[in-house]
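3D model of this:
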Amino acid sequence: MDSSEKKVSVAVRVRPRLPAGCGSEVQNLEHGSLDSLKALDENTLKLQEQKPGEACRSSTYTFDYVFDVDCVQSEIYEESVQEMVDESLAGANSTILAYGQTGSGKTHTVLGQVKNNPLEDDLLTPESGLFMRVLKDLFEYKKRREEASKDRAYVVIALSCIEIYVDKVRDLLSERDPKAPKQEIRVVVTDEDVTIPDLRRYEILNLNDVYKHFQTASSQRTSRSTKGNLASSRSHCLFFIDILQQEMTDKNPSQPSISFLSEGVPKQKKPPKRKGPSAASPKAQSPNDIDAMANVYYKEGEPPIYCSKITLVDLAGSEKSDGKSGSGATVGSQAHVEMTSINLSLTTLGNVAHALHTGAPHVAYRSSTLTKILRPSFASPNAKILLISNLSPSQLTYAESRNTLDFANKVKAMKVNQGMIGAEQQQLQFDYLDTQILNWQLLADLHIANTTFYSDPMLRRYTDVIVPPFNTHRFRLKGQEKDRQKLLRSLESVGHEEKMRINEKIKAQEAKVAEEMTSIKKEIYDGLIDEYTNKIGDLQEKIEKLTVEASEFEEKLNNDINVMVVETKDHEKESDKLSKEKRELRTSIESGQTELEKLIEERAALNEKEKKSSKEDNLKLSAADKELSESELAYANDTWKHCKAQEYYYKFKAYRETQLSLFAVYKQNILRIDQAIKESKKLSTMLKSK
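From the prediction side, this is the model:
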């Protein structure tokens, strides 16, 4: 399908991980977790979850656009949004919705950042979002159209902004005291349109005007810190950009006023369809080139005014009441009320998408304020929708990412602007057939009644038989029996023909329904076959990968076992060597003790000899000198004994420490071998089960 004819487009953006310490509690935990999302190409995204001890689960999704973590803001705008701006200038009403869990980057995608102290029309930074980039292109288009040499036209751009907080609508651009409570404004729903009468629109002439209103809206929007985001938006924010275009002629010296958008000027007959202008095209085009589906207004004596709208929706993030990404709000608190309201409105939005996806006869737009206001975006004949699903990259938010991608799949398959088709049309056809059958049954009852004819109002309401007025509730047909039988035969003939005609219609309708059901089943079966084929391919790829990993692991395990066996043998040799040294040391100690005793005996004999040879000298020695000589000898003997004992102690201590370390290493090797054997058995079991 040509992109210009496509009503619904879906983009997916995976935000990068935030710098450590700059995010919320959950965002900071991302740095220790694995990635769950991977862009396979520009249209395909893979979601996977890997838990310890479990097989990897993965799913593949296909969308119109897939933006990975390295995509910048300008790339997202140019690839997915710029074409919608061109179509809006050609008369379409474009809606861009940013959807995703809390902390997934929705507000950054839509609003982004601007310069704090900008020069004139110098607001954009590389981190500026879609809102500023859309308006920048619109101002460039306005300048070209109003300064063109021919086919000049007025281009008026108006801005308004609301938030939906706890299902109440508030004007974020209203001039009021910041300390005053926010005032709720009403939404008026009619059969043809949805209007907000008290909403204030401001004409904007340049980006400085946009910056002023942007600051006002940002300061008034409700936000709160949660576990998933330090500044989580607690309301849905909708920016409405109205675009008015009117050809410049002598009959309209001034541009159209935006006031008539609130006055409800009736629409007139629209001109034939032509090709639309482009915001990116350098050549200005005539307002007559605008699409026939544009909203066209006529004022007496002036050229028509072509109106279109761009709506940017920053949805509040979904969250769990007790999950890691939740706000942690207690029941009954204002935070809990906010969370409940957000989840309910997003659920209703999902129900609307599901109803449009399945072609349900009734779509519950009125179930929430959000879907009530977005009804024209889904039901208008000239509506264009872009859903940008924002995702967090971590496996911590795997469940939320899966829910977001499932919602995006529903939106991708939505059937919008199709009028009364599908189940609704079939239901009307079946109602018609039921009425025809009832008509035939009543005609048959007339035949069964034989001569009795009823003037019951129900009969007149459900049959084509013209019942004349009668004075009594029941009457007998006048005339002869022959005339009465002739009338009954004619009624019988009419009933038989009606029955045949109804049967033929029923058979044709049943054949058509059976053909449609066969086609639908074929599409479903083909889709399931493709899906299961892809899954089987993924499983085969995983099995091959696991087989290679098992072979590598087994080889590595065998090498480790061989190394440990060699190390164990070396340790045993070292232990034998130490035991030998221990025995030698013990022998040395014993010989040392023997030598010590021998020396002591020799010393004693020498002392005895000295005593005998110098008996006279000894007699001259004083008692004090004798005591001193004996004490010195005793001290020398004790010192020698102490040194020998200390030498033996340190050698024995060193031997003991070496023995203990070898025993610890030997025990650790035994444990490693046992663990490796267990893992090898477990891996073999997994491969057999696969």
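
how far does the helix ranked longest in the chain sit from the chain's center?
Secondary structure of the chain per DSSP state H: the longest helix is helix 481-613. Centre-to-centre, helix 481-613 and its host chain are 29 Å apart (CA atoms, centre = their mean, to the nearest Å).

pLDDT averaged over it, what's the number?
Helix 481-613 carries an average pLDDT of 76.

Return the list of helices and strands in contact with that helix.
In terms of contacts (3 or more CB pairs under 8 Å, 6 or more residues apart in numbering; DSSP states H and E), helix 481-613 is packed against strand 57-62, helix 423-448, helix 623-689. C-beta coordinates here come from the backbone N, C-alpha and C atoms, glycine included.

can you map out the helices along the stretch 51-200 of the chain?
When secondary structure is read from DSSP state H, counting those that start in this stretch, the stretch 51-200 of the chain shows helices at 73-76, 82-89, 106-110, 130-146.

For residue 368, find the nearest of the ones you listed.
Proximity to residue 368, assessed across those by CB to CB, is greatest for helix 106-110 (18.3 Å).

If you average pLDDT over each of the helices and strands packed on helix 481-613, which is lowest?
The lowest average pLDDT among the helices and strands packed on helix 481-613, as it happens, falls on helix 423-448, at a mean of 62.

how far does stretch 674-685 sit from the chain's center?
Taking CA atoms, centre = their mean, one finds stretch 674-685 lying 38 Å from the centre of the chain it belongs to.

Mind listing what's buried along it?
676, 680, 683 (16 or more other CB atoms under 10 Å).

Now stretch 152-167 - C-alpha only, CSV.
Output in CSV follows, covering the C-alpha atoms of stretch 152-167 (Å, rounded to 0.1, in the frame of the first residue of the first chain):
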residue,chain,number,x,y,z
ARG,A,152,0.3,33.3,-2.6
ALA,A,153,-1.8,32.2,0.3
TYR,A,154,-2.4,33.1,3.9
VAL,A,155,-1.2,30.4,6.4
VAL,A,156,-2.5,30.8,10.0
ILE,A,157,-1.1,28.4,12.7
ALA,A,158,-2.9,28.2,16.0
LEU,A,159,-1.8,26.3,19.1
SER,A,160,-3.8,24.9,22.1
CYS,A,161,-2.9,22.4,24.8
ILE,A,162,-4.9,20.3,27.3
GLU,A,163,-4.1,17.7,29.9
ILE,A,164,-6.4,14.9,31.0
TYR,A,165,-5.8,14.4,34.7
VAL,A,166,-7.9,11.8,36.5
ASP,A,167,-10.3,11.9,33.5
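
so where's the stretch 51-200 of the chain shaky on pLDDT?
Low-confidence segments of the stretch 51-200 of the chain (pLDDT under 70): 117-121, 176-181, 191-192.

returning to that earlier point: now the longest helix of the chain against strand 57-62, angle please.
Between helix 481-613 and strand 57-62, the angle comes out at 130 degrees (axes from the mean of the first three to the mean of the last three CA atoms, to 10 degrees).

closest to residue 415 among the buried residues of stretch 674-685?
Of all the buried residues of stretch 674-685, residue 683 has the smallest distance to residue 415: 49.3 Å, by CB to CB.

what's the closest non-adjacent residue to the closest one?
When the adjacent residues along the chain are set aside, residue 683 lies closest to residue 550, with 5.2 Å between them (CB to CB, 6 or more residues apart in numbering).
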